[in-house]
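Visitor: what's the 3D shape of this:
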Amino acid sequence: MPQILVVDDEIGIRELLSEILADEGHTVQLAQNAARARALRAAERPDLVLLDIWMPDTDGITLLKEWAANGQLTMPVVMMSGHGTIETAVEATRIGAIDFLEKPIALQKLLSTVKRALRRSDGQPQAGLTLLSLGRSPVLAELRKRLAQVATLAMPVLLRGEPGVMPELFARYLHQPNTPWVVAGAALADAPQDLLTQAASGLLFVEELAALTRAQQKNLALILGKQERTKTRIVSFTAEEPARLVAELGFDAGLLARLSELSLPLPALREHAEDIPDIAGILLAQLVEAKSCPPRHFSTAALNALRQFHWPRNLQDLQGAVKNLALTALEEEIGAADVERVAAQFHPAADAQVTLPLALPLREAREAFERAYFEQLLAREAGSIARVAEKSGLERTHLYRKLKALGIAPGKKEE
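Guide: Numbering: from 1, shown residues only. Next comes the predicted model:
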């Protein structure tokens with residue numbers, strides 16, 4: 001029997017919603033403020049939360065952000081307000097709410113929204129990370145502002161970043177509430193018209209431009225040509241440099257120009273390494289919430305080890321490492337030794353081939369080689385500056401200056 005948590009400071013609304021939902025066969029818990037909602041959410045693990053925006057202690061948007069940031073947004077949340085605005089609904093959806101009910105709430109609207117929300121959850125936790133839960137670093141705070149600023153624009157957006165940065169998290173921040181979200185996928189090869197119909201008035205996400213065949217590129221150009229008429233926004237991603245994408249991988253230059261009318265860089269994990277402990281904690285909490293692993297928590301030393309490690313494939317590697325740790329640790333507390341054991345598999349192969357930049361001028365070629373050399377050495381030595389200094393034959397102060405000049409985030413300062 002589904003359990004629904006109703007959070008509203010008005011007793012009349014709480015009792016009315018409780019009566020209606022109980023008549024529909026649901027178990028209902030009531031909370032008059034955010035403090036009570038926190039306690040019931042932790043104790044009862046509701047299948048759905050109806051959350052009022054305006055409350056005296058902590059408003060609903062703030063509570064929603066708190067749950068998202070702490071990895072506790074594992075149930076669908078529907079916001080309620082008698083003074084709602086489009087901006088508030090958009091913000092709530094970006095944070096993780098799945099719908100918005102305006103007071104006074106019509107009976108049929110309430111029932112259909114609850115039914116849809118429970119069907120969507122299907123007894124399973126919602127997807128893990130969101131852009132909000134990636135951390136509070138200045139780098140991400142600034143990027144969120146830029147994404148929010150362009151979210152209502154109609155032009156295509158090209159997201160660029162390294163492999164493993166999980167571009168879908170950033171693309172979803174551009175998705176407008178209650179509109180279609182469609183991933184192009186295989187249908188781009190043989191059913192472009194179906195994709196266009198599905199994504200009409202919504203967002204079509206193309207995961208990696210470099211992976212598109214000539215036929216898929218042609219179909220994407222067709223969709224792009226009808227974008228304005230169908231009010232479909234196209235957001236794409238590539239981990240390749242545009243020049244290489246065209247010259248070496250054969251991507252259509254004209255199509256790339258149209259897709260990149262607006263281009264935004266996505267940060268590598270090392271650029272906001274201070275967020276790694278929070279991200280790892282959220283990922284672990286979600287696995288525990290989903291009962292995918294026994295109760296687990298990280299020691300401070302383990303979180304420090306995760307932060308200091310150079311993750312070659314960014315968030316994708318970190319997510320894989322946390323899942324591995326959750327499933328293979330022998331104790332409830334995951335320690336630094338566990339992290340070192342698991343992180344070893346993410347080291348680039350010691351004999352990995354580095355393409356020599358022979359076509360560049362000497363100075364640029366030397367810098368490119370040094371950057372690849374030190375990035376690989378940092379990864380192999382798990383970010384230990386002491387060991388990198390020893391292996392490279394450089395004094396630590398000189399090594400720090402060299403890494404800074406090459407734009408490489410240093411690893412551990414202490415052993």
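Visitor: mind giving me the domain split of this structure?
Guide: The chain breaks down by automatic domain parsing into domains covering 3-121, 134-265, 269-346, 351-415.
Visitor: Thought residue 158 was touching residue 265, still the case?
Guide: No - contact criterion CB atoms under 8 Å: residue 265 and residue 158 do not qualify, at 9.9 Å. In short, each C-beta sits where N, CA and C put it, glycine included.
Visitor: Reformat the domains of the chain into CSV and put mean pLDDT and mean neighbour count next to each item.
Guide: Below are those laid out as CSV (pLDDT from 0 to 100; neighbours: other CB atoms under 10 Å):
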stretch, mean pLDDT, mean neighbour count
domain 3-121, 90, 18
domain 134-265, 92, 17
domain 269-346, 92, 18
domain 351-415, 76, 14
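Visitor: Check the gap between residue 196 and residue 276 for me.
Guide: Distance of residue 196 to residue 276, given as CB to CB, to the nearest Å: 39 Å.
Visitor: now residue 119
Guide: 35 Å.
Visitor: now do residue 387
Guide: According to CB to CB, residue 387 stands 20 Å off from residue 276.
Visitor: Next: residue 117.
Guide: Taking CB to CB, one finds residue 117 at 32 Å from residue 276.
Visitor: hey, what's residue 27 bridged with?
Guide: Beta-bridge partners for residue 27, by DSSP bridges, are residue 3.
Visitor: So it versus residue 178, what's the distance?
Guide: For residue 27 relative to residue 178 (CB to CB), the value is 27 Å.
Visitor: Equivalent analysis for residue 325, please.
Guide: On the measure of CB to CB, residue 325 and residue 178 end up 37 Å apart.
Visitor: Surely residue 5 is within a helix?
Guide: No - in this structure, residue 5 is strand, not part of a helix, as judged by DSSP: H, G, I helix; E, B strand; the rest coil.
Visitor: so who does it touch?
Guide: 28, 29, 30, 31, 37, 40, 41, 44, 46, 48, 49, 50 (CB atoms under 8 Å, 6 or more residues apart in numbering).
Visitor: now residue 303
Guide: 276, 277, 280, 281.
Visitor: May I have the helix or strand harbouring it exported as CSV, CA atoms only?
Guide: Using DSSP states H and E, residue 303 maps to helix 300-308. What follows is helix 300-308, C-alpha atoms only, in CSV (Å, rounded to 0.1, in the frame of the first residue of the first chain):
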residue,chain,number,x,y,z
THR,A,300,37.2,10.9,7.0
ALA,A,301,40.5,9.3,5.7
ALA,A,302,38.5,7.5,3.0
LEU,A,303,36.8,10.8,1.8
ASN,A,304,40.2,12.5,1.7
ALA,A,305,41.7,9.6,-0.3
LEU,A,306,38.8,9.9,-2.8
ARG,A,307,39.3,13.6,-3.1
GLN,A,308,43.0,13.3,-3.7
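Visitor: Could you name the helices and strands sitting against the helix or strand that comes right after that helix?
Guide: Once helix 300-308 ends, the next helix or strand along the chain (criterion: DSSP H and E) is helix 314-328. Applying 3 or more CB pairs under 8 Å, 6 or more residues apart in numbering; DSSP states H and E, one finds that helix 314-328 contacts helix 276-289, helix 336-343.
Visitor: Measure how the first one sits relative to helix 336-343, angle-wise.
Guide: So the one you mean is helix 276-289. Helix 276-289 runs at 90 degrees relative to helix 336-343, counting by axes from the mean of the first three to the mean of the last three CA atoms, to 10 degrees.
Visitor: what packs against helix 276-289?
Guide: Using 3+ CB pairs under 8 Å, 6+ apart, helix 276-289 sits against strand 297-298, helix 300-308, helix 314-328.
Visitor: Same list (those) but as a markdown table, adding distance to residue 92.
Guide: Formatted as a markdown table, the helices and strands packed on helix 276-289 follow (distance: least, CB to CB, whole Å):
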| stretch | distance to residue 92 |
| --- | --- |
| strand 297-298 | 30 |
| helix 300-308 | 30 |
| helix 314-328 | 24 |
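Visitor: To residue 189, which of those lies closest?
Guide: Distance to residue 189, taken as CB to CB, is lowest for helix 314-328 among the helices and strands packed on helix 276-289, at 24.6 Å.
Visitor: what sits up against the closest one?
Guide: 128-129, 134, 161-166, 268-269, 276, 279-280, 283-284, 287-288, 292-293, 296, 306, 311, 334, 338-339, 342-343, 345-346.
Visitor: Ok, stretch 390-401 next?
Guide: 373, 374, 377, 381, 385, 386, 388, 389, 402, 410.
Visitor: how about the residues you listed, which pair is most distant?
Guide: It's 373 and 386 that sit farthest apart of the contacts of stretch 390-401, by CB to CB, at 17.4 Å.
Visitor: The stretch 1-150 of the chain: helices as residue ranges?
Guide: In the stretch 1-150 of the chain, the helices defined using DSSP state H, counting those that start in this stretch lie at 11-23, 34-44, 60-69, 86-95, 107-121, 138-150.
Visitor: I'd like these written out as TSV, with distance to residue 2 added.
Guide: TSV is the format used below for the helices of the stretch 1-150 of the chain (distance: least, CB to CB, whole Å):
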stretch	distance to residue 2
helix 11-23	9
helix 34-44	12
helix 60-69	19
helix 86-95	22
helix 107-121	5
helix 138-150	33
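Visitor: Please identify which of those helices is closest to residue 361.
Guide: helix 138-150 (31.0 Å).
Visitor: In its sheet, which strands sit next to the following helix or strand past that closest one, and in what direction?
Guide: Going down the chain from helix 138-150, the next helix or strand is strand 157-160, by DSSP H and E. Pairing partners of strand 157-160, with direction, according to DSSP bridges: strand 233-238 (parallel), strand 262-265 (parallel).
Visitor: closest to residue 144 out of the ones you listed?
Guide: Comparing the strands paired with strand 157-160 by CB to CB, strand 262-265 comes nearest, at 11.3 Å.
Visitor: Any idea how far stretch 3-15 is from the middle of the chain?
Guide: 31 Å (CA atoms, centre = their mean, to the nearest Å).
Visitor: so the residue lying closest to residue 154 once chain neighbours are set aside bridges to which residues?
Guide: Spatially, and ignoring its direct neighbours in sequence, residue 154 is nearest to residue 233 (6.3 Å; CB to CB, 6 or more residues apart in numbering). Counting by DSSP bridges, residue 233 is bridged to residue 203.
Visitor: Fine by me, we can end here.
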